[in-house]
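Asks: here's a sequence, model it:
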Amino acid sequence: MNKRQIGAAVPIAALRTRNGMGVGEFSDLIDFAVLCRKMRIGLIQILPVNDTGYESSPYASLTAFALHPLYLRIEELDEYSAADEAVIKQIKKARSKFGKNERFSHYQVLKEKLGILRLIYEANKENIVKSAGSGSLSTWIKKNLWVKEYAVYRRLKEANQEKSWQEWEAYSKVSADDIEGLWKDKNLREEHIFWVWLQQALDVQFSKAASKVEEIGIILKGDLPILMNEDSCDVWAHPELFNLELSAGAPPDFYSDDGQNWGFPIYNWEAHEKDEYSWWKNRLAVAEKYYKAYRIDHVLGFFRIWASSRKDNTASLGRFVSYVQITTGELKKIGFDKDKIRNVSQPLIPTKEIKDALKNSKGKLTDEEFAQETEKVFKKALTRIGDEEMWLFKKTIGGEKDITALELLPAVRDYLLAKWRDRAFLEYAKGKFSPAWLLKKSKAYGSLTKDEKKAVEDLIKIHEKKSDRIWMLQGKKLLSVLAGASSMLPCAEDLGAVPECVPKVLAKLKILRLCVTRMFCKADKNGEQFIPFEEYPQLSVCTPSVHDTSTVREWWEKETDKEKFSAFLGTALPKTYTPKTAKIILSKTASARSRFRIFQIQDLLHLSKNWYSANPSDERINVPGTVNDFNWTYRLPAPINQIAKDKELVGAVKELSRVKMAKKL
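Replies: Alright, predicted model coming up:
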């Protein structure tokens, strides 16, 4: 754990073997570990493997504890030995149907698997239910008490056609006694035990695979998502641990101009502290059964989280929680009167701009229809300021969803949405303000004098400094709990708008930070410059790409300044991406002083000419801010045993492990 290691990042679902049913399974980790050992890779990093139901994103978990049935190998179940011919035939049919697909269908594969598992369960139900009462399954339940809540939730979710618990007619709000009562209901027991049986089987298979990986001499690194899906067993059963009024996400950045609104509730940290963080400690205890190291997803959220109103779709008007808020009194002290405070915190909408938006959308409307649409805008959305040709949003408009619900003409709707986001400050409670992320791009900020702008910026700096102190204390407290709760090595994902306190706290707690080559930069007189590999912190994970970015190949061919990056590396690079290009870039990355140098499996495969997809975009795992059937469905281009025969690839990856650490000048 303390040695420098080369690592490979791969989603479990991406693994391919002859035994798979169109998607990687826990047991495939063993074959992959054998290949990694052959290539002198010392660490395997995977994505989260919690049950997400029919949602393909591994970060949209239905549970903090249960594993995903998608990764279960049916033939390794004890009950499979007694499977009838119909079940065996169905498995072969599914393998033939899904096995050769370039990407996998999360929904279709999961549906097929659960269908087969239901048949096996029904054929063995009597013995399984009996075991849950007084056998090995009963013992397992006592060691994994979380499974009772999960089984009750999963049964209810299936009974409600997979709808969110917030849409259930019954049991949308429950107490611990309600859940216990449902668990003990004899009429429901068989259904509950089905989900328990699956979890025990998954635990057995994953534990076996993890143990084999360790025997082979490789570190298995998991991924701990910071947030929980609102539609999850944990939020349903323990709403007191969450703040459901706000939605977590990220501010506008290179991923998205409008920021990212993940739809996940933020935490009620006071409730967690009161409970001595038992929920977090239990999560880590479960993870520790499988992993020696783990990635702390979005570690910035432990310091402060970007939170948006539930009435907004985007995260443009989010704010940091916690934050030392700016008050009305402070704005008055810098010379802002009542009207000025209103003007910087509420969008001002000129009559002319509204009419222009209406004219642009008139299209095939009759004069009467156009007049009706015009009246609707002013009547339902806006309030006039005195006798001025200026308007404010009505108080009934609380967010983007309220504007969309008015069913206005598209051009008018889009105009109003843009105006809603156009403000310098967000008044999230009476007399309490946060600066808008895009403050300097707002019309209100542009209307201020030079002195007023300076006063605003100075005030924000004061509050950022005060807030940074709070963020540091909170982050240190929470991460100390995590670091002290298990023997796993914590590795933080600290990308985004990073407060000054974050790297200091991570270093103090000996938590590895993340350095993504293309983003690990510093500003100087020549602008943003890449940080040399000899300056990377030893307590860090270095990588040239992650699951949310393009691969190195796509980055090189479509996104980067080739001359600038070649100059940074100090060597001429081919204009096209070939194994030679890959070898130079990955070898330089492997020289970083970081403890772990981890490469996405796609980037490693590009060291051989045999594994290039026709379109580099097809090799991505996820495109942030998009929801489609492509994301999270990447598969290896061939079975692991076939890839293992590629001597060019195996030799090239071996060379990465021999690259010497760059020395400080």
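Asks: can you count the residues close to Asn360?
Replies: Other residues within reach of Asn360 by the criterion other C-beta atoms under 10 Å amount to 14. To be clear about C-beta, it is placed using only N, CA and C from the backbone, and glycine gets the same treatment.
Asks: then Gln372?
Replies: Neighbours of Gln372 (other C-beta under 10 Å): 11.
Asks: could you do the one 10 residues further on as well?
Replies: Neighbourhood size, Leu382 [other C-beta under 10 Å]: 19.
Asks: so who does it touch?
Replies: Counting by C-beta atoms under 8 Å, 6 or more residues apart in numbering, Leu382 touches Ile349, Ile354, Trp391, Leu392, Phe393, Lys394.
Asks: what is the nearest of those to Val516?
Replies: Phe393 (39.3 Å; C-beta to C-beta).
Asks: hang on, that closest one packs against Arg342?
Replies: No. The pair Phe393 / Arg342 is not scored as a contact, 11.8 Å apart, by C-beta atoms under 8 Å.
Asks: for the lowest-mean-pLDDT helix or strand in the chain, name the packing helices and strands.
Replies: Lowest by mean pLDDT, DSSP states H and E among the helices and strands of the chain is strand 521-524, with a mean of 86. Judged by 3 or more C-beta pairs under 8 Å, 6 or more residues apart in numbering; DSSP states H and E, the packing partners of strand 521-524 are strand 527-530.
Asks: for the strand it packs on, buried residues please.
Replies: Phe530 (16 or more other C-beta atoms under 10 Å).
Asks: average model confidence for that strand?
Replies: Averaging pLDDT along strand 527-530 yields 88.
Asks: quick one: strands adjacent to that strand?
Replies: strand 521-524 (antiparallel) (DSSP bridges).
Asks: next one: the partner strand to chain centre, how far?
Replies: With C-alpha atoms, centre = their mean, to the nearest Å as the basis, strand 521-524 stands 27 Å off its chain's centre.
Asks: related to what we said a few turns ago, who has more neighbours, Phe393 and Arg342?
Replies: Phe393 (18 against 15).
Asks: how many neighbours does the spatially closest residue to Trp197 that is not a sequence neighbour have?
Replies: Excluding the flanking residues, the one nearest Trp197 by C-beta to C-beta, 6 or more residues apart in numbering is Ile128, at 5.3 Å. Neighbour count for Ile128, taken as other C-beta under 10 Å: 22.
Asks: which positions within the helix or strand Ile128 falls within qualify as buried?
Replies: Counting by DSSP states H and E, the element that carries Ile128 is helix 106-134. Within helix 106-134, the residues scored as buried using 16+ other C-beta under 10 Å are 106, 108-110, 112-114, 116-117, 120-121, 123-124, 128-129, 131-132.
Asks: for the longest helix along the chain, buried residues please.
Replies: Taking DSSP state H as the criterion, the chain has its longest helix at helix 450-484. Burial within helix 450-484, assessed by neighbour count using 16+ other C-beta under 10 Å, is assigned to 452-453, 455-456, 459, 463-464, 467-468, 470-472, 474-476, 478-479, 481-483.
Asks: output the contacting helices and strands for that helix.
Replies: So helix 450-484, by 3+ C-beta pairs under 8 Å, 6+ apart, packs with helix 278-287, strand 326-327, strand 489-492, helix 501-508.
Asks: for the longest one, C-alpha coordinates in CSV please.
Replies: Think helix 278-287. Extracted C-alpha coordinates of helix 278-287, given in CSV (Å, rounded to 0.1, in the frame of the first residue of the first chain):
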residue,chain,number,x,y,z
SER,A,278,-22.9,5.4,12.4
TRP,A,279,-24.4,5.3,8.9
TRP,A,280,-21.0,6.3,7.4
LYS,A,281,-19.1,3.9,9.6
ASN,A,282,-21.5,1.1,8.5
ARG,A,283,-20.9,1.9,4.9
LEU,A,284,-17.1,1.7,5.4
ALA,A,285,-17.4,-1.5,7.3
VAL,A,286,-19.3,-3.1,4.3
ALA,A,287,-16.8,-1.7,1.8
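Asks: what's the average pLDDT for stretch 458-472?
Replies: Mean predicted confidence for stretch 458-472 is 96.
Asks: contacting residues around it?
Replies: 303-304, 320, 322-326, 330-331, 334, 435, 439, 499-502, 504-505.
Asks: you'd agree Gly496 is in a helix?
Replies: No. The assignment for Gly496, made by DSSP: H, G, I helix; E, B strand; the rest coil, is coil rather than a helix.
Asks: residues near it, how many?
Replies: 19.
Asks: in contact with it, which residues?
Replies: Per C-beta under 8 Å, 6+ apart, neighbours of Gly496: Ala250, Pro251, Asp253, His298, Leu300.
Asks: would JSON lines of those with neighbour count and pLDDT be doable?
Replies: Putting the contacts of Gly496 into JSON lines (neighbours: other C-beta atoms under 10 Å; pLDDT from 0 to 100) gives the following:
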{"residue": "Ala250", "neighbour count": "24", "pLDDT": "89"}
{"residue": "Pro251", "neighbour count": "21", "pLDDT": "91"}
{"residue": "Asp253", "neighbour count": "15", "pLDDT": "80"}
{"residue": "His298", "neighbour count": "21", "pLDDT": "94"}
{"residue": "Leu300", "neighbour count": "23", "pLDDT": "95"}
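Asks: now these in JSON lines, with distance to Ala64 and secondary structure?
Replies: Shown next, in JSON lines, are these (distance: C-beta to C-beta, whole Å; DSSP: H, G, I helix; E, B strand; the rest coil):
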{"residue": "Ala250", "distance to Ala64": "21", "secondary structure": "strand"}
{"residue": "Pro251", "distance to Ala64": "26", "secondary structure": "coil"}
{"residue": "Asp253", "distance to Ala64": "27", "secondary structure": "coil"}
{"residue": "His298", "distance to Ala64": "15", "secondary structure": "coil"}
{"residue": "Leu300", "distance to Ala64": "20", "secondary structure": "helix"}
